[in-house]
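Peer 1: Starting from these lines, generate the structure:
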Amino acid sequence: MINTLLGHDTNIRGSLEFQGTIRIDGKVSGKILTNSGTLIIGENSVICADIKTDTIIIMGKVIGNIDAANRVEIHSGAYVKGDISTNTVLIKKGAFLKGRCKIIRKEDFNTDKQIIKYFAKKSLTTFYM
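Peer 2: Below is the predicted model of the structure:
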């Protein structure tokens, strides 16, 4: 269930913080942050931001690093330029990824708190086009 929808007319510069599930169909530059949410990037979206989330589903364009504690999905037609750190990654046929992918397995940590601490320590550097 989507809690928030940012339509194609949306243009955000700065930090976007959310809880729950958000779908972005517009443009965002800066940072996108959540501890436990799901971020859906629509087909016509252009995101120039470093992203820290639990789960991300990408169908549009993302330029920036992605730290997703749970899962990253890159769908056919999506464009991603940046490094990815996550537990699970799914890249569908027809998707584009230019960057490194680091798999962080839960088994490598003793507790969920260590996973949260790992992702909390990661610094975010903003990319602008």
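Peer 1: residue boundaries of the helices in this structure?
Peer 2: Residue ranges of the helices in the chain, as given by DSSP state H, are 112-121.
Peer 1: Where in it is the helix or strand with the lowest mean pLDDT?
Peer 2: helix 112-121 (a mean of 59; mean pLDDT, DSSP states H and E).
Peer 1: need the longest strand for this structure.
Peer 2: Longest among the strand segments of the chain by residue count, using DSSP state E, is strand 46-58.
Peer 1: tally of neighbours for K93?
Peer 2: 6 (other Cβ atoms under 10 Å). Any C-beta I mention is one placed from the backbone N, CA and C, and that applies to glycine too.
Peer 1: try the one 4 residues further on
Peer 2: Here the count is done by other Cβ under 10 Å, and L97 has 19 residues near it.
Peer 1: and if you look at L33?
Peer 2: Counted with other Cβ under 10 Å, the neighbours of L33 add up to 18.
Peer 1: Just the pLDDT for it.
Peer 2: Reported pLDDT at L33 in the predicted model: 94.
Peer 1: residues touching it, list them.
Peer 2: Shown in contact with L33 (Cβ atoms under 8 Å, 6 or more residues apart in numbering): 15-18, 51-53, 124.
Peer 1: switch the cut-off to 7 Å
Peer 2: Listed by Cβ atoms under 7 Å, 6 or more residues apart in numbering, the contact set of L33 reads 15, 17, 52.
Peer 1: And for K102?
Peer 2: 84-85.
Peer 1: let's see it at 6 Å
Peer 2: Shown in contact with K102 (Cβ atoms under 6 Å, 6 or more residues apart in numbering): S85.
Peer 1: Against D83, how distant is it?
Peer 2: Distance of K102 to D83, computed by Cβ to Cβ, to the nearest Å: 7 Å.
Peer 1: separation between E17 and C101?
Peer 2: 25 Å.
Peer 1: now S85
Peer 2: Distance from S85 to C101, by Cβ to Cβ: 8 Å.
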